[in-house]
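**Student:** sequence isn't available, so here's the structure alone:
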């Protein structure tokens, strides 16, 4: 099969430009529309705040939400030892919203089938909301409206339906503790004047009570959570076709074309699959061949990050690809 190549437009980001092309030498299972790779300028920083003890004695499940495009939405029923993916973020939050009448932080303030509002600093909050529903669709059966930017910069929009799962019977109640998760998985308190950043991870420690007011153990919902993940994974191909997303099989060549004479030259490029670094290059050609046969079928996040000589992150891009290896 002849290689099929997609070259993406060059974007200026504060003087740094990262032009990415993706060449597929394997099987393109489902041809899709042109994919645009957005870039953002970031820098490594360490969130302030104190480390919070992790007590799971009154916890039913732990919800983890990555505030990034295609960020994972995960549930753990064993205190964070194992997480299961139940959905993804479609629009990350970039700002906070004002909430009057409270000086609290790190707690769910409002809760319901249409979303959560959680406090991140005195009088400031972020929302976690379900997907938009198409007009005229049945409840819970609508498709996410494509091409629409969030009208709420303080909202983390997901691809989950309202009235089910974390927006249904498992909805975190008001007062549920919320923290940030550090790069090593440690919990961190929200600091003063906090604003959500790309890549921030929020952790909700959720307690569900039965009719007697007793806390439901994670073991009692573990099987349902497993089935929820299986259902989500099984729908990857259907979602990809519906959203005109690329379905791939074979060898995917990731290539970053970096222009010369930058004000702060790019020295290193790393390639990541599902958050795991698979290759680092400090010389042209900045490329990595990813064999999908080494991964499972389903959704995978592929990222390209560029750094300067001090290993400071200058720019990055990520895409969601769906693998369908088939037999053999």
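**Tutor:** Thanks, I have it. Note that the coordinates shown come from a computational prediction; the quantities given were computed from them, not determined experimentally.
**Student:** list the contacts of stretch 288-304.
**Tutor:** Contact with stretch 288-304 is made by 18, 20, 26, 70, 88, 233, 236, 248-254, 256, 269-275, 278-279, 281, 316-325, as judged by Cβ atoms under 8 Å, 6 or more residues apart in numbering. Placement of C-beta: from N, CA and C, glycine included.
**Student:** so of those residues, which ones are in helices?
**Tutor:** Mapping the contacts of stretch 288-304 onto helices (DSSP state H) picks out 233, 236.
**Student:** mind checking which of the contacts of stretch 288-304 are buried?
**Tutor:** 18, 20, 26, 70, 88, 233, 236, 248-254, 256, 269-273, 278, 316-325 (16 or more other Cβ atoms under 10 Å).
**Student:** so the most centrally placed residue in the chain versus residue 224, what's the distance?
**Tutor:** Note on the chain: the residue nearest the mean C-alpha position is residue 71, at 0.4 Å, using Cα atoms, centre = their mean. Relative to residue 224, residue 71 is positioned 23 Å away (Cβ to Cβ, to the nearest Å).
**Student:** who does the residue lying closest to residue 158 once chain neighbours are set aside form a beta bridge with?
**Tutor:** In this structure, residue 158 finds its nearest non-sequential neighbour in residue 87, 5.4 Å apart by Cβ to Cβ, 6 or more residues apart in numbering. Taking DSSP bridges as the rule, residue 87 bridges to residue 73.
**Student:** need the pLDDT of residue 54.
**Tutor:** pLDDT, residue 54: 50.
**Student:** now do stretch 70-79: distance to the chain's middle.
**Tutor:** Offset of stretch 70-79 from its chain centre (Cα atoms, centre = their mean, to the nearest Å): 11 Å.
**Student:** what's in contact with it?
**Tutor:** 54, 56, 59-66, 82-90, 92, 158, 160, 166, 218-219, 221-222, 225, 228, 299, 301, 318-320.
**Student:** ends of that stretch, how far apart?
**Tutor:** Distance across stretch 70-79, first residue to last, is 24 Å (Cα to Cα, to the nearest Å).
**Student:** and that stretch, what's buried?
**Tutor:** For stretch 70-79, a neighbour-count test (16+ other Cβ under 10 Å) marks 70, 71, 72, 73, 74, 75, 76, 77 as buried.
**Student:** strands along the stretch 151-300 of the chain, start to end?
**Tutor:** All strands of the stretch 151-300 of the chain, identified by DSSP state E, counting those that start in this stretch, fall at 155-158, 178-181, 187-188, 200-206, 247-249, 251-257, 268-273, 276-281, 286-291, 298-307.
**Student:** what's the average pLDDT for the third one?
**Tutor:** The reference is to strand 187-188. On average, strand 187-188 scores 91.
**Student:** chain center to that strand, what's the gap?
**Tutor:** Taking the mean of its C-alpha atoms, strand 187-188 sits 18 Å from the chain's own mean (Cα atoms, centre = their mean).
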